[in-house]
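A.B. asks: Whatever this is, show me its structure:
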Amino acid sequence: MDRIFFIAVLVGVPLTIAGSFLHWSSILMFIICALTVVALSGFMGRATESLAIVMGPRIGGLLNATFGNAVELIIAIFSLKAGLVGVVLASLTGSVLGNLLLVCGLSFFLGGIKFKRQKFNVYDARHNSGLLIFAVVVAFVIPEIFSMKMTEQETLSLSIGISIIMILLYLAGLFFKLVTHRGVYITNNEERQKEEEEPEWSKKKAIIVLVLSTLAVAYVSENLVHTFEAVGTKFGWTELFIGVIIVAIVGNAAEHASALIMAVKNKMDVAIEIAIGSTLQVAMFVAPLLVLISLFMTTKMPLVFTIPELVAMVTAVFLAIMVTNDGESNWFEGITLIAAYLIMGIGFYLL
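C.D. replies: Residues are numbered from 1 along each chain as shown. Okay, here's the model as predicted:
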């Protein structure tokens, strides 16, 4: 499998570059870019696994989520520059839904088929639950409700204030987990895994592979985004569906693959840190940062989602909290989360 991924990257990246200059058909470019992103995801997964062994599941998962979300941030900035605020907000919604329902669901399901009962750090799960409620239920819902009685400028000012607070809280949360309380809530399972395993790659090699893979994924993903309009027209996909489902899945493909690899290897702490940690990073850092970046562009982006997007995200948060708060998972919980994602996907397709 590793050799197949290597060949796919070796062939896929040059073909993507050639196709972008020679203006190949959008359908062909969509297939080439999508397969290349999946192959690059395999390398990011191996790098994450090595880092998680060397540096612990929190830092390993955080690095994977950060590099994965860097791709989405790049795509979103290009979309903002083009004035596609609706697509950016929809892709942020899709990222939250994809991580909480699809990635968590597939991780629980695939891991649960191999292991009847999988455990992860219950303290981290409860800590993340509070932040999820703050990020989505508080910080995303309030701008929507308050904006009903506000002017466009007042709504933007409220969004800027909320964005700054969210970024500061996110950074404080990282300081809490990685500095002041690092090691305080480590479980016996984490300690045992760290003692038993040897990393495939050294820390330096893993970080280099992660950085290079991320740069390649960013380039390929940008080319992939340009194919969405033509592919959407051919298959009858709406702009909202493309933003919520397609852009979100492609933009987060790398971390999705990494989380699934970790779950199948019974490394649920890393899988959960990637899925939930990525959601928190999107909601509390990427989305607010995009609001602030949009101030330097022609089209400004207030932190105001549509009602269907908000309802879907709030529902996903509470469902994810319900199944992760006990620190255990199984395949049935996974299939429940996947079912919720499919229901929402059908809704956004038909909307």
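
A.B. asks: contacts and neighbour counts: CA atoms only from here.
C.D. replies: Noted.

A.B. asks: first to last residue in stretch 220-235, what's the distance?
C.D. replies: Looking at stretch 220-235, the gap from its leading to its trailing residue is 22 Å under the measure Cα to Cα, to the nearest Å.

A.B. asks: Let me see the mean pLDDT of that stretch.
C.D. replies: Stretch 220-235 comes out with an average pLDDT of 80.

A.B. asks: So for that stretch, what gets flagged as buried?
C.D. replies: Across stretch 220-235, burial judged by 16 or more other Cα atoms under 10 Å covers 220-225, 227-229, 231.

A.B. asks: Tell me where the stretch 101-250 of the chain has helices.
C.D. replies: 104-114, 122-132, 141-146, 152-175, 188-196, 203-225, 228-235, 239-241, 248-251 (DSSP state H, counting those that start in this stretch).

A.B. asks: Save the ones you listed as TSV, and put in distance to Phe5 too.
C.D. replies: Shown next, in TSV, are the helices of the stretch 101-250 of the chain (distance: least, Cα to Cα, whole Å):
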stretch	distance to Phe5
helix 104-114	21
helix 122-132	33
helix 141-146	41
helix 152-175	33
helix 188-196	27
helix 203-225	12
helix 228-235	24
helix 239-241	29
helix 248-251	17
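
A.B. asks: wait, which of the ones you listed is closest to Asp326?
C.D. replies: The stretch from those with the least distance to Asp326 (Cα to Cα) is helix 122-132; that distance is 6.2 Å.

A.B. asks: can you map out the strands along the chain?
C.D. replies: 118-119, 328-329 (DSSP state E).

A.B. asks: Tell me, how many residues neighbour the closest residue to Pro57 other than its chain neighbours?
C.D. replies: Beyond its immediate neighbours in the sequence, the residue positioned closest to Pro57 (Cα to Cα, 6 or more residues apart in numbering) is Val270, lying 4.8 Å away. Residues near Val270, counting by other Cα atoms under 10 Å, number 31.

A.B. asks: With Leu337 instead?
C.D. replies: Look at Leu337: counted by other Cα under 10 Å, it has 24 neighbours.

A.B. asks: ok, now Ala90?
C.D. replies: Burial of Ala90, expressed as a neighbour count using other Cα under 10 Å, amounts to 23.

A.B. asks: Touching, it and Val244? I think so.
C.D. replies: Yes. Contact criterion Cα atoms under 8 Å: Ala90 and Val244 qualify, at 4.8 Å.

A.B. asks: from what I can see the residue nearest to Pro57 touches Arg58, true?
C.D. replies: Yes. Assessed by Cα under 8 Å, Val270 is found in contact with Arg58 at 6.8 Å.

A.B. asks: Find the residues that touch each one of the two.
C.D. replies: Between them, Val270 and Arg58 have Ala52 as joint contacts when contacts are counted by Cα atoms under 8 Å, 6 or more residues apart in numbering.

A.B. asks: residues in contact with Leu131?
C.D. replies: Under the criterion of Cα under 8 Å, 6+ apart, the contact partners of Leu131 comprise Leu280.

A.B. asks: Mind pulling the model confidence for the residue nearest to Ile245 when sequence neighbours are not counted?
C.D. replies: Distances taken as Cα to Cα, 6+ apart put Gly94 closest to Ile245, at 5.6 Å, once the chain neighbours are dropped. Gly94 carries a pLDDT value of 90.

A.B. asks: Can you give me the neighbour number for Lys119?
C.D. replies: Lys119: 16 surrounding residues under other Cα under 10 Å.

A.B. asks: Any figure for the gap between it and Ala18?
C.D. replies: To Ala18, Lys119 is 46 Å away according to Cα to Cα.

A.B. asks: With Phe67 instead?
C.D. replies: From Phe67 to Ala18 the distance is 25 Å (Cα to Cα).

A.B. asks: Between the two, which has more neighbouring residues?
C.D. replies: Here Phe67 and Ala18 are compared on neighbour count by other Cα under 10 Å; more neighbours surround Phe67, at 23 against 12.

A.B. asks: distance of that one from Ser41?
C.D. replies: For Phe67 relative to Ser41 (Cα to Cα), the value is 11 Å.

A.B. asks: so Asn69 touches Asn252, yeah?
C.D. replies: Yes. At 6.8 Å, Asn69 and Asn252 qualify as touching, with contact defined as Cα under 8 Å.

A.B. asks: follow-up on the earlier one: can you say which of the helices of the stretch 101-250 of the chain is nearest to Ser329?
C.D. replies: Of all the helices of the stretch 101-250 of the chain, helix 104-114 sits nearest to Ser329, with 6.0 Å by Cα to Cα.

A.B. asks: Show me what that closest one packs onto, helices and strands only.
C.D. replies: helix 253-264, helix 268-281, helix 331-350 (3 or more Cα pairs under 8 Å, 6 or more residues apart in numbering; DSSP states H and E).

A.B. asks: Now do that helix: distance to the chain's middle.
C.D. replies: Using Cα atoms, centre = their mean, to the nearest Å, the distance from the centre of helix 104-114 to the centre of the chain it belongs to is 17 Å.

A.B. asks: One more: stretch 234-250?
C.D. replies: Its chain's average C-alpha position is 16 Å from that of stretch 234-250, according to Cα atoms, centre = their mean.

A.B. asks: can you pull the buried residues of it?
C.D. replies: Applying a neighbour-count criterion of 16+ other Cα under 10 Å, one finds 237, 239-250 buried in stretch 234-250.

A.B. asks: For the chain, give me the ranges with low pLDDT.
C.D. replies: Per-residue confidence of the chain (counting by pLDDT under 70) places the weak regions at 1-2, 64, 68, 183-197, 251, 254-255.

A.B. asks: Alright, I will stop here.
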